[in-house]
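Colleague: How does the following fold in three dimensions:
(2 chains)
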Amino acid sequence: MMAANPPLLKARSVTKRFGGLVAVSNLDFDLPKDSIVSIIGPNGAGKSTFFNCVTGFYDVDEGSISFKDMVIDGDSPDQIARMHIARTYQNIRLFSNMTAIENILVGMEPRLHSHWYSFILGSRKTRKEEAWALDEARRLLQFAGLAGKGDFLAKNLPYGDQRRLEIARALANQPEILLLDEPTAGMNPNESTTTMRFINRLRDELGVTILLIEHDMRVVMGISERVTVLDYGTKIAEGPPAEIQRNPRVIEAYLGRGAASGLELGTD
Amino acid sequence: MKKHTGIDLRNALRLGLIAGVASVSLSAIGIVELFASRELISGIITMGQVLIFSAPALLAYLSVRELNLSRTRMLLSGMISGAAASLPILVLVLLESQVDLRQFMPGVSPTLVDVLTFGRGPYVGGLLLMAAMAIVGMVAAGIETLPTSIRKPLLTGGLATLTLGLFSEILSGRMRDFFGSSFSAVFFSGKALDPLFGAGLFIAIAGGNRLWTTRSEGVQSRIAALSPSGQRQLRVGIFVASGVGLIVLPLLLGSYLSEVANTVGLFILMGLGLNIVVGFAGLLDLGYVAFFAIGAYSMAVLTSEGPLGIGHLNFWEALPFCVLFAATAGIILGIPVLRMRGDYLAIVTLGFGEIIRLLAISDALKPFIGGAQGVLKIPKPDFFGVTLVQPGQFYYVVLAGCLLAAFVAYRLGESRLGRQWMAMREDEDVAEAMGIKLVSAKLLAFATGAAFSGLAGALFASKLTSIFPHSFSLDISINVLSLIIIGGIGSLPGVVVGALILVGLPELLREFAEYRLLMYGALLILMMLAKPEGFWPSAVRQRELRADAEVLKAQQAALDAEG
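Modeller: Alright, predicted model coming up:
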């Protein structure tokens, strides 16, 4: 089924260096449309660097990244956001002194088009757009399970709500691709199960293609259709979760050579 | 909470001594002597006395605040604190009677000692001073023992009456102009309030305050209960009333005060502009005066009837160009600093401001803008054949400018652009990743801010009819930045309040001119300690600070529950 879907995002021999350190090395990667794909790997494997390359935070040194057959490497983060590629951050980066609803409204930027002078004149079209945006933002707030918390400052929300608000803010972009950087970090098993279900809903109900970085193997194995494993910036394995779980190179990368014999990546 | 049963003697003494040192400092810099004969309420209290006694009273009050003491003990504590405050002053007085302190401290004169000792010599007078301070301390502490419903009206009434006393000269002058001197003599004697009138004022203000605190909730709930159309009528009513108030204001103010209002207005204009750059977009600009200068010089060169005038346009024709030039300059400054943040941005903008000032004064540009000799013969604006010469007439031009700027700032602040600026202030990288075009958002902030400042500069040139480079010093940038901080950063009413306090007050209190910077500094320090969000904070900042306090309280409660 998946093979039928053409890749939405394609990376070809992407390399990113920081001085002498090669953070991502010669990486080929395909993200099929309507799929949920995880990137895993030990700390420092280059997962977040790859995210930053895709979202325009970093320029790639070699190789290319394309979205729907358009080359996007070299584009600025705001241009990429306006192509409807959205992301969240490993350590939550909300606009902490803005309210929840304002955070979502900022996320809607790529879908709003009024010009600055029309704000001064207060044209009907602008007011209509703002009213529409507010409605849409409320709807998203509800979708994320944050109904009634729109006027809370982002920083005053509990941790789990902040994670969900960050996803809601990314969804406000109406993304075709959503990149989630460790969406369940710091959550207890119950909360991560809820989040897993939520991520599944994003794909099934909203048709968002999802790429996630995750450390929690239970989550990775539970929701991803494909898993890519990075180690020292290089792709060492790729395939369905069940295969990855048994792959000796992956086990070695995670646990070291000695432990590799006879161990399987467990569902911790 | 710890239960306090006895008097905290050490604390009372410590605070008293600090207050005494504060009073000694005020005395030694000469401000007490200067105002010793400046009466606030005729024959009752002078400005000098207020200066000596305010620190002891304040700290005596603080020494008993939030203590669970019996009333007698509180009074006693205040008394001790007050008496302690007199000690440093007594040391000063005794020293002065033995040695000639003037060679070290020129401010400590025999006249000052006379003031401090009520003219009774160091020993008798010293004891009198100690007794007086003890009583003041006791009264101040006594105020704390009163229930809030009495304390607040008393304090408000007292402070307001003293403040009005300070402005008696101006007030009595206005009253004389309107109703004649015999009428004004009923309320004022000399440069001070008449004691009877002062008492009346105190009772009226205290009573009004009491009434307001008891009734305001009822009034508010009645307003809330009004039908939507009723509320709209109320709003329109308030709007019309304040509009009429602003229009008739120069008639009430007279020429001098209108001139002060115009100066305040120009600073409001600049404040509104800088508020967009610093308050909304979070870009610290220390060279803001540059745009003011560009606006002023544009107006000067385009309209001047002197040899430097090139356009010979009239005021209204030149005005759009001034604004446009300033806005363009804003963009030109903005482009190289797009990637800069925080401190670096501040330094670069600071340099930009200095460059513009130096260009104005330089010989290179002298043939065009006059160098140090400036540009002269700038005409005042015409309005349908009337030349707006009087400050009371020019006022309307400034008012129109301020209203326009406030409207634009309000609309932009509330719009999506305002949200973009806020997001940019919070986290520039994430804002960009949300699809915000940082370049245009930043340049729009710089351009709008610069446009307001350019408008203020153009009005300034036309108001003074001649301009010189020294009017465009760094002081102006600092002043404008201070006024938006004092008013409440990001808040539009805050700009008005800040300009009234930092620009209006010094104009009205010309007598204090010598001590202007001292007060300025003291005010800024006190503000940052006591009310960092400003006098009229924006809803956003208020929300931030209040929310912080709430969160902290909740965390503290959680800790307490655990421990």
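
Colleague: OK, contacts around the closest residue to A:Ile36 other than its chain neighbours?
Modeller: Once flanking residues are discounted, A:Ile36 sits nearest to A:Ile210: 4.6 Å by C-beta to C-beta, 6 or more residues apart in numbering or on different chains. (Each C-beta comes from the backbone N, C-alpha and C, glycine too.) Residues near A:Ile210 by C-beta atoms under 8 Å, 6 or more residues apart in numbering or on different chains: A:35-37, A:177-180, A:199, A:202-203.

Colleague: Now do the same for residue 263: its pLDDT.
Modeller: Looking at chain A here, since you left the chain open. You'll see A:Leu263 listed with a pLDDT of 47.

Colleague: hmm, I had chain B in mind actually
Modeller: 96.

Colleague: in the chain, which residue is closest to the centre?
Modeller: Picking chain A for this. A:Leu179 (1.4 Å; C-alpha atoms, centre = their mean).

Colleague: Correction: the question concerned chain B.
Modeller: B:Ile501 (2.2 Å).

Colleague: from what I can see A:His116 touches B:Leu412, true?
Modeller: One correction, residue A:116 is Trp, not His. Yes. At 7.2 Å, A:Trp116 counts as touching B:Leu412 under the criterion of C-beta atoms under 8 Å.

Colleague: Looking at these two, which is more packed in?
Modeller: B:Leu412 (21 against 18; other C-beta atoms under 10 Å in any protein chain shown).

Colleague: just the helices in the stretch 51-200 of chain A please.
Modeller: A:77-82, A:100-107, A:116-121, A:124-143, A:159-171, A:189-206 (DSSP state H, counting those that start in this stretch).

Colleague: what comes up buried for stretch B:387-401?
Modeller: Residues of stretch B:387-401 classed as buried: B:388, B:391-399, B:401 (neighbour count, 16 or more other C-beta atoms under 10 Å in any protein chain shown).

Colleague: Quick check: the two most widely separated of those residues?
Modeller: Largest separation among the buried residues of stretch B:387-401 by C-beta to C-beta: B:Gly392 and B:Gly401, giving 16.0 Å.

Colleague: Give me every residue in chain B that's in contact range of chain A.
Modeller: Contacts of chain B with chain A, taken as C-beta under 8 Å from any C-beta of the partner chain, map to B:407-408, B:411-412, B:414-417, B:419-420, B:422-423, B:426-427, B:429-438, B:444, B:540, B:543-544, B:547, B:550-551.

Colleague: repeat that for 7 Å
Modeller: By C-beta under 7 Å from any C-beta of the partner chain, the part of chain B that sits against chain A consists of B:408, B:411-412, B:415-417, B:419, B:422-423, B:426-427, B:430, B:432-437, B:444, B:543-544, B:547, B:551.

Colleague: Report the contact partners of the residue nearest to the centre of chain A.
Modeller: Residues in contact with A:Leu179 (C-beta atoms under 7 Å, 6 or more residues apart in numbering or on different chains) are A:51, A:54-55, A:87, A:211.

Colleague: Make a PyMOL selection of whichever of these turn out to be buried.
Modeller: Selection of buried members from the contacts of A:Leu179 for PyMOL, criterion 16+ other C-beta under 10 Å:
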select buried, chain A and resi 51+54+55+87+211
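
Colleague: thinking again about what came up before, ok, now which ones touch the nearest residue to the residue nearest to the centre of chain A once chain neighbours are set aside?
Modeller: The shortest distance from A:Leu179 to any non-neighbouring residue, by C-beta to C-beta, 6+ apart, is to A:Arg87 (4.0 Å). Each residue near A:Arg87 by C-beta under 7 Å, 6+ apart is listed here: A:51, A:55, A:170, A:179, A:181, B:433.

Colleague: Mind checking what secondary structure B:Gly125 has?
Modeller: helix (DSSP: H, G, I helix; E, B strand; the rest coil).

Colleague: Give me the neighbour count for the residue of the stretch 101-250 of chain B found nearest chain A.
Modeller: Per C-beta to the nearest C-beta, B:Phe239 is where the stretch 101-250 of chain B lies closest to chain A, at 16.6 Å. Neighbours of B:Phe239 under the rule other C-beta under 10 Å: 10.

Colleague: element containing the nearest residue in space to B:Ile268 that is not next to it in sequence, please.
Modeller: Distances taken as C-beta to C-beta, 6+ apart place B:Ala499 nearest to B:Ile268, at 4.6 Å, with adjacent residues excluded. Here B:Ala499 sits within helix B:492-499, counting by DSSP states H and E.
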